[in-house]
Each structure stands twice: as structure tokens, then as C-alpha cells.
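Asks: Show me the folded form of this:
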Amino acid sequence: MKVTKAQVRENRERIVETASELFRERGYDGVGVAELMAAAGFTHGGFYKHFGSKADLMAEAAACSFAKSTAQTAEVDINDFIQRYLSREHRDTPGQGCTMAALCADAGRQSDLIKQTFAEGIERQLATFADKDTGFSPAEQHDARANSIVAMAQAVGALVLSRSCPDDSALADEILRVCRNQMLKPKSSSPVSSIGNSGENLC
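Replies: Here you go, the predicted model:
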């Protein structure tokens, strides 16, 4: 039976969704094409009907997860977002969580295609902050972007450090708690510090 174009698109989306979750859960080298395709419900041979290489799928899966994360967190309350991001639940479910925390270290060892995809995803997160800075002077916008980068690095780094510890380690929880409390401390009421340190849209 002939497969329609709509079905081809649907199949491709399913593969990308499955890959996005498995890559975040186990890393790029932790899952092969055959296993990935089986998890999506397809045969290994069907992979190359959709993608030229595993790297192509890695890039598309990363772009997909970055886009979804930005959309899902765009309107969330800042404090609630930080609470959820630096939570034990997020730490323990990398497959459903932040792409940066799960895969940035892996991406740094990959091709320029993957690195460029991550750079674009990170830039998209920063652009979300910048959209709120339209009333700022150029100097304020520069400072707000710098603060956003610092907040992003703090949240992502905290999650990575926590995950590097044993699951039952007191340190794993301490890292999350200390960084969460620091990010939730009341900030200056100035627009630069309040947006730059917001923690919004970090994943």
C-alpha cells in the first residue's frame, strides 16, 4: 500500500520525537539508529528514507526540542519555572527535560552541524529575553543579555552537576537547593537585573 505524503511527514515527526527523548536520556552515543527506529515503531532500513545520516537526525531532534522548550516556557511564571527546572523531578527525567542540560556536553564533541544547531537554540532562548527589553537603552540591553547568559549557565550547570552525582547522594539535592535558592532571591527592581536574572525560558 502506498504511503501518503502526510503519513511520511507523520512518520518522520515520530522518529524525531523519539530521537529527541532518547538522545536526552542516554546521550548521542548511547543509542544507535537501529534501536532508535525500533523504539519509534519502524525498521532500521527505513531510516535513510528520512535522513541522510544520524547526525542529520541529531540536529533535527535538537532543533525540535529547543523550539518546544521555548514555546512551553514562554508564559510561565518565573519563580515557578525556576522551582520546576531545579527540581528533583527534572533532574531524574532527562528524557523529558532541558536539551541544554542533557546534551550540551555531548554537542561539544560533535560536528559543526550539531554545534550550530545548539548555538541557534541557545540564541533563541536569549532572544526571548530580548523581546522583553524593547524599552531599554542599548547599554541596558547589553547588560540584560549578559545577565540572561549568566542565569542560563547557572541553571543548566546546576542540573548537570546534580546529575553527575549518585541518585541517592545528598550532594545531588544540595546543589539543586542552593542554586534554586540563589536564583529565587529577591533581585533589584531595575529592569536590567529583573529580566537578566529571571531564569525564564532556560530550557
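
Asks: pLDDT averaged over stretch 10-20, what's the number?
Replies: Taken as a whole, stretch 10-20 has a mean pLDDT of 96.

Asks: Give the buried residues for that stretch.
Replies: Asn11, Arg12, Ile15, Val16, Thr18, Ala19, Ser20 (16 or more other C-beta atoms under 10 Å). For every residue, glycine as well, the C-beta is placed using N, CA and C.

Asks: And for Val160, nearest residue in space, chain neighbours not counted?
Replies: Ala101 (5.6 Å; C-beta to C-beta, 6 or more residues apart in numbering).

Asks: what separates that neighbour from Gln141, distance-wise?
Replies: Look at Ala101 and Gln141: by C-beta to C-beta, to the nearest Å, they are 26 Å apart.

Asks: neighbour-wise, which of these two wins?
Replies: Just comparing Ala101 and Gln141: by other C-beta atoms under 10 Å the higher neighbour count belongs to Ala101, 24 against 17.

Asks: Please verify my assumption that the more buried one contacts Leu159.
Replies: Yes. Counting by C-beta atoms under 8 Å, Ala101 touches Leu159, with 4.1 Å between them.

Asks: elements contacting the longest helix anywhere in the chain?
Replies: Taking DSSP state H as the criterion, the chain has its longest helix at helix 138-164. Where contact means 3 or more C-beta pairs under 8 Å, 6 or more residues apart in numbering; DSSP states H and E, helix 138-164 is packed against helix 78-85, helix 88-92, helix 99-107, helix 112-130, helix 170-184, helix 191-196.

Asks: Nothing else from me, thank you.
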